[in-house]
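Colleague: Just the structure for this:
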Amino acid sequence: MKSQTEYLTFNIASKMAFVNITPQVEAVVRKSGVMEGLVLCNAMHITASVFINDDESGLHRDFGVWLEELAPFNPDPNHYHHNRTGEDNADAHLKRQVMGREVVVAITKGKLDFGPWEQIFYGEFDGNRPKRVLVKVIGE
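Modeller: A predicted model of the protein is given here:
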């Protein structure tokens with residue numbers, strides 16, 4: 001069995017953003033030489049996410065608005081108990097729970113085996129610092 005592990009690093013200048021990482025993941029799959037297998041992509045930070053959806057800017061805006069309605073940024077420690085630790089990112093932790101930690105995609109004939117319109121995204125909910133995404137390919 002072959003395997004390949006790489007780490008993608010992101011330093012998003014805004015508090016929240018969505019980045020299509022499909023090309024970087026495809027590059028790792030090609031480099032691995034795996035023709036039939038799986039690729040795991042996971043955010044290695046508890047205020048970031050990896051998820052699959054459509055690469056459409058209106059949808060991404062809708063994600064941001066929806067997530068802000070569900071868990072609005074509020075640094076007041078009386079609003080979120082987590083912020084009583086001296087941090088102000090409780091909302092980012094909640095947003096990550098909604099959007100998820102990781103994705104697994106099948107590799108068929110050396111390519112990501114997606115449904116129509118599917119792409120892999122990195123979701124940032126507490127930006128302005130470097131964060132990593134693990135990309136691990138396994139298979140034959």
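Colleague: Distance check, the residue of the chain positioned farthest from its centre against Gly86.
Modeller: In the chain, the greatest distance from the average C-alpha position (CA atoms, centre = their mean) is reached by Asn78, at 29.1 Å. The gap separating Asn78 from Gly86 is 14 Å, by CB to CB, to the nearest Å. Any C-beta I mention is one placed from the backbone N, CA and C, and that applies to glycine too.
Colleague: Could you do Leu112 as well?
Modeller: 41 Å.
Colleague: Neighbour count: those two, which is higher?
Modeller: Just comparing Leu112 and Gly86: by other CB atoms under 10 Å the higher neighbour count belongs to Leu112, 16 against 7.
Colleague: Identify the nearest residue to that one in space, disregarding sequence-adjacent positions?
Modeller: Leaving out its chain neighbours, the residue that sits closest to Leu112 by CB to CB, 6 or more residues apart in numbering is Val105, at 5.1 Å.
Colleague: Gly37 now?
Modeller: In space, Gly37 is closest to Gly139, 1.5 Å off (CB to CB, 6+ apart).
Colleague: do Lys2 as well
Modeller: Val34 (5.2 Å).
Colleague: Over to Lys109?
Modeller: Met35 (6.2 Å).
Colleague: again, but for Asn11
Modeller: Closest residue to Asn11 in three dimensions, ignoring its sequence neighbours and counting by CB to CB, 6+ apart: Pro130, at 4.7 Å.
Colleague: and if you look at Phe114?
Modeller: Using CB to CB, 6+ apart, the closest residue to Phe114 is Val105 (6.9 Å).
Colleague: what about that neighbour, which helix or strand?
Modeller: strand 102-108 (DSSP states H and E).
Colleague: Listing partners with orientation, what would you give for that strand?
Modeller: strand 36-43 (antiparallel), strand 111-112 (antiparallel) (DSSP bridges).
Colleague: Please identify the deepest-packed of the ones you listed.
Modeller: strand 36-43 (a mean of 20; mean count of other CB atoms under 10 Å).
Colleague: is it fair to say the residue farthest from the centre of the chain lies in a strand?
Modeller: No. Counting by DSSP: H, G, I helix; E, B strand; the rest coil, Asn78 is not found in a strand; it is coil.
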